Each structure stands twice: as structure tokens, then as C-alpha cells.
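# show me how the following folds:
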Amino acid sequence: MQKNTVRAILITGVIAALALSGCGQKPTSSGTVSQGSEPPVNNSQTTPPPQEKAPTSNENEPIQSKIKAYYGDEQASQLVEKEVTINFKEEKDKYTAALWTLKKAPANSGLVPLADSLGFKSAALKDKKLTLDITVSGEGRLGAAGEAMLLEAIQKTLFQFSEVEQIDILVDGKPADSLMGHMDLPHPMNRPS
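Prediction:
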């Protein structure tokens, strides 16, 4: 009976010692356990195991790009070039993002946004031809000089992308003779040589 009591005390002591030795251990990023501030014993693994997916930091971040945008001067008599930053999720969205910059001039610049009356529905690039589908609101239409500057601003904004060789502007999904009734609208407009 004394042997069983001694064994029970020894077993209890061993269990208590094992339990106490686990205190203060911290798991590390590699999955090993370190004791206090000691370095992990085996930290040679630098990539996650195959069953885990490493998180990508830019998966949901927008792409940023600096482009040139064009506005009318204070008298709306000539184009003024400004460098702006656009944000877009996918490469195909950069054209509409660039066009939307033409709707609002930089703050405190005194410049006139020429595309204020336009809505940009879509822009699709195929075989170096960018087809735009836009809508023109009844309010904010420009005169002949303003429409000519707007067409020039659209061309300069989009032709800065080297992959665009032609631009075809559709109004509400259809080819139109003119954007606002003053200037001819060629189908397509070709990159200036």
C-alpha cells in the first residue's frame, strides 16, 4: 500500500511539473512554441504550408495612376493640362476613370470642367479601338467652341494611353453625327500622327 501511495505522489508530481512547464509558452508565427523570449528551435519555414493561402496585400486595393487631364481656362477659351491621379480596380476601368476626371476641375484651380454635361456609361478596348458609350444631358451643353475643346480634351486624355489607336464615341449606344450639335463626330477618331 505504501508503494501505491508513493507511486501516486510521484505521478501527481510529474503531471504537475508537466502542467507547469507549459505555462509561459507562446506560439510563434511559424507554429512552433517558444519559451519566454528564447528564439524558436526550428523556424526554417518561411512560406505557409500548401493548404494555407498566403494573404495578398493588394487584392482589394485600387490601382493608382497619374495621368494628364484637360480643362478649359477661366474664360473657357483654351485647354489647360493638369496632372491628376486616378484610381481603378481593374486595368479595363482606367479609361472611364480618366474620363470622369474631365467632369470636375481640381479644387481652387479656376479651371472649367468641359465634360460636366456628359455621363460615361462604358469604355471598351478591342483591337486598339476604344469604344465609348456616353450620354449627354440637356443641361450644360456647350457652344461650338466649347464642344470643339471638349472633343479635343477627350482625345488628348485617351490617346495618352499608348494602346489606344482609335476612339469611337457612341451617344446612348448609337453612332451620332455630333456630340452636341455643333461639331462633326468622326467614327472613329484616329490618333494624331
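# name the residues of stretch 119-137 that are buried.
Of all the residues in stretch 119-137, those buried under the rule 16 or more other CB atoms under 10 Å are 120, 123, 125, 130-134, 136. Just so you know, the C-beta spots here come from the backbone N, C-alpha and C atoms, and that holds for glycine as well.
# point out where this protein drops to low pLDDT.
1-59, 140 (pLDDT under 70).
# those strands in it, which residues are they?
25-27, 33-35, 63-72, 79-88, 118-126, 129-136, 166-171, 174-175, 189-190 (DSSP state E).
# among those strands, which comes closest to L99?
strand 118-126 (4.7 Å; CB to CB).
# the closest one pairs with which strands?
Note on strand 118-126: by DSSP bridges, its sheet partners are strand 129-136 (antiparallel).
# send the alpha carbons of the partner strand over as PDB?
The C-alpha coordinates for strand 129-136 follow below in PDB (Å, rounded to 0.1, in the frame of the first residue of the first chain):
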ATOM      1  CA  LYS A 129     -10.000  50.800 -80.800                       C
ATOM      2  CA  LEU A 130     -11.700  52.300 -77.700                       C
ATOM      3  CA  THR A 131     -15.400  52.500 -78.000                       C
ATOM      4  CA  LEU A 132     -17.100  54.900 -75.600                       C
ATOM      5  CA  ASP A 133     -20.800  54.900 -74.800                       C
ATOM      6  CA  ILE A 134     -21.800  58.300 -73.300                       C
ATOM      7  CA  THR A 135     -24.900  60.200 -72.500                       C
ATOM      8  CA  VAL A 136     -25.300  63.900 -72.900                       C
END
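# report the angle between it and strand 166-171.
Here strand 129-136 runs at an angle of 30 degrees relative to strand 166-171 (axes from the mean of the first three to the mean of the last three CA atoms, to 10 degrees).
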